[in-house]
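**Student:** return atomic coordinates for the entry below.
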Amino acid sequence: MSNYRRIRNPGAKYFFTVSLADRSSELLVREVAHLRAAFAVTQKERPFWCDAFVVLPDHLHAVWTLPPGDADYSTRWGAIKARFTRKVKAGGVVGWNPTLRTNSKIAKGDAGIWQRRFWEHTIRDERGYRNHLAYCWINPVKHGLVEHPTDWSYSSIHRDIRAGRVDPEWGGVVTEGTIGEP
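**Tutor:** Just a heads-up that it's a prediction; the model follows:
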């Protein structure tokens, strides 16, 4: 059995990548309303600040700041994934492929929509924080989905522009450092 080690630093900032099992699916953008609802309920139950978020067809990235004294991001992601899964299964949504369930997933009652785990990175300083925010915003451009970050509807960049935290003409400058997907 694998021994996954995760850094748990209460009140810290974290970068996440969460992916669907079927990396050719467009389920996340097609059913983004279910994802938003799952996220909102979870955030209300277990508060945290979402610094940046971007939903792509088959995966998403997020930067979160957890409350002081709280390092439990795993429970939050588990709840978001479970709530989304229940809605997708209940609605008979096209794009969910139950044949992707492995014997291990079947034995554990896993619906097979999500990859079993997620990737997290503890953000250590202000430079890393800014770079991870930028990575979220630029990711749809990186994947060839749009030409400019503001052309992608499923990104927190729009919220941050309205709040004056980012220039509407921001073009995707990321300074040096380790960022992104595993």
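**Student:** now the terminal residues of stretch 112-126, how far apart.
**Tutor:** Stretch 112-126 stretches 37 Å from its first residue to its last (Cα to Cα, to the nearest Å).
**Student:** below-threshold pLDDT in this protein: ranges please.
**Tutor:** The chain contains residues with pLDDT under 70 at 1-5, 90-111, 173-182.
**Student:** can you give me the strands in it?
**Tutor:** Under the criterion DSSP state E, the chain contains strands at 13-19, 49-55, 59-65, 119-123.
**Student:** any chance of those strands in JSON lines, plus mean neighbour count and distance to residue 170?
**Tutor:** Placement of C-beta: from N, CA and C, glycine included. Shown next, in JSON lines, are those (neighbours: other Cβ atoms under 10 Å; distance: least, Cβ to Cβ, whole Å):
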{"stretch": "strand 13-19", "mean neighbour count": "21", "distance to residue 170": "18"}
{"stretch": "strand 49-55", "mean neighbour count": "19", "distance to residue 170": "12"}
{"stretch": "strand 59-65", "mean neighbour count": "22", "distance to residue 170": "16"}
{"stretch": "strand 119-123", "mean neighbour count": "17", "distance to residue 170": "19"}
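**Student:** and of those, who's closest to residue 148?
**Tutor:** Of all these, it is strand 49-55 that lies closest to residue 148, at 13.7 Å by Cβ to Cβ.
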